[in-house]
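Engineer: One predicted model, sequence on top.
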Amino acid sequence: MKLQQLKCIYEIVNSEFNVSRAAENLHTSQPGVSKQVQLLEDEIKIKIFSRNGKRLVGLTEPGKHVYEAVKEILKKVKNIKHVSDNYSKSNKATFTIATTHTQARYKLPKVVEWFMKKYPDIKLNIHQGNPLQVTQQVESGEADIGIATESIGLNDKIFSIPCYNWNRILITPKNHELTSQIEPISLQELSKHPVITYDYAFTGSTGVSKAFKQAHISPNIVLTAIDADVIKTYVKLNLGIGLVAEMAYDINKDSDLSEIDVSHLFPVSTTLLGFRKDLFVRTFVFDFIQKFTGLSPEAISKKLKDRYEV
């Protein structure tokens with residue numbers, strides 16, 4: 001069994017069983033990839049792929065188990081490479097962060113600026129998505145770390161460090177009727193207005209969704225987006241009121257919008273920084289975690305040890 005054979009299996013699946021595309025991604029030939037697959041199947045004496053003639057169309061039942069094992073092996077191989085990179089003289093490496101738009105737009109810029117000045121040779125990639133997508137990228141190894149709320153802390157393969165707490169606000173046009181209301185807004189009142197919010201805000205796992213469900217109230221969601229700036233744009237067009245993270249509102253930049261506190265309606269959320277429990281944390285990743293969380297090096301080191309006990 002050779003590492004290249006495992007890479008071929010992994011790449012074929014992730015190329016939707018297109019062997020030509022897998023070969024291109026592996027910088028080799030299609031016959032070469034097919035040969036590696038055949039050799040591995042002969043060695044382990046099972047068929048990994050279902051076939052329609054010569055075309056691969058899916059994984060067999062035992063092939064599914066092989067593929068899961070291959071993924072774990074390749075993650076460990078990647079970790080070995082990380083160890084090598086960390087202790088080599090070269091600082092060149094790639095660091096991939098998966099996060100939501102709100103974190104990327106409002107919380108990450110200063111930390112990223114600091115990081116790029118300290119580690120100019122590190123290639124930094126930032127992948128944006130909703131919390132579930134962030135979690136999936138971290139679990140699959142596509143991203144080194146993920147920064148999001150809720151779902152990333154529910155995955156047993158990911159170790160999460162709490163970073164800071166936040167809540168939601170309503171943003172409205174300046175002349176909106178809610179801006180003159182003295183009493184705090186209720187969920188019932190909120191449900192009477194068209195709401196524009198994040199596309200993941202009303203999935204079952206969020207505090208927003210749970211608050212409405214517990215009150216047996218259905219909100220009037222007219223538009224969703226992953227981008228708080230897009231939400232603001234449509235609020236300015238009077239298409240609805242926006243329900244966004246409090247960090248997304250800037251009193252100076254958003255002077256044409258009003259802010260209404262609704263923290264009494266929803267539970268506090270915690271932004272988490274998560275990474276796979278088996279990740280080898282390279283020096284620059286350690287430094288990034290420290291800078292973003294604000295924890296001391298000693299506290300970070302203790303948490304890295306604690307992850308094996310969780």
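Structural biologist: Thanks, I have it.

Engineer: Can you give the domain ranges for this protein?
Structural biologist: 3-84, 91-165+270-309, 168-267 (automatic domain parsing).

Engineer: Need these in TSV (columns: mean neighbour count).
Structural biologist: The C-beta positions use only the backbone N, C-alpha and C, and glycine is treated the same way. What follows is these, written out as TSV (neighbours: other C-beta atoms under 10 Å):
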stretch	mean neighbour count
domain 3-84	15
domain 91-165+270-309	18
domain 168-267	16
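
Engineer: can you redo the ones you listed as a markdown table with mean pLDDT?
Structural biologist: Shown next, in a markdown table, are these (pLDDT from 0 to 100):
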| stretch | mean pLDDT |
| --- | --- |
| domain 3-84 | 86 |
| domain 91-165+270-309 | 90 |
| domain 168-267 | 91 |
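
Engineer: ok now do residue 138, which residues does it touch?
Structural biologist: Under the criterion of C-beta atoms under 8 Å, 6 or more residues apart in numbering, the neighbours of residue 138 are 98, 144-146, 152, 155, 158, 274-276.

Engineer: Those residues in strands, which ones?
Structural biologist: If you go by DSSP state E, the contacts of residue 138 have 98, 145-146, 158, 274-276 in strands.

Engineer: from these, which single one is nearest residue 233?
Structural biologist: Lowest distance from residue 233 to the ones in strands among the contacts of residue 138 (C-beta to C-beta) belongs to residue 98, with 24.8 Å.

Engineer: Verify the stated contact: that closest one with residue 141.
Structural biologist: No: contact criterion C-beta atoms under 8 Å: residue 98 and residue 141 do not qualify, at 10.9 Å.

Engineer: what residue is smack in the middle of the chain?
Structural biologist: In the chain, the residue lying closest to the centroid (C-alpha atoms, centre = their mean) is residue 134, at 1.3 Å.

Engineer: On the three-state scheme, that residue is what?
Structural biologist: At residue 134 the chain is in helix, as set by DSSP: H, G, I helix; E, B strand; the rest coil.

Engineer: Please apply the same query to the one 4 residues further on.
Structural biologist: Residue 138 falls in the helix class when you classify it by three-state DSSP.

Engineer: coming back round to it: how near is the residue nearest to the centre of the chain to residue 262?
Structural biologist: Residue 134 sits 24 Å away from residue 262, taking C-beta to C-beta, to the nearest Å as the criterion.
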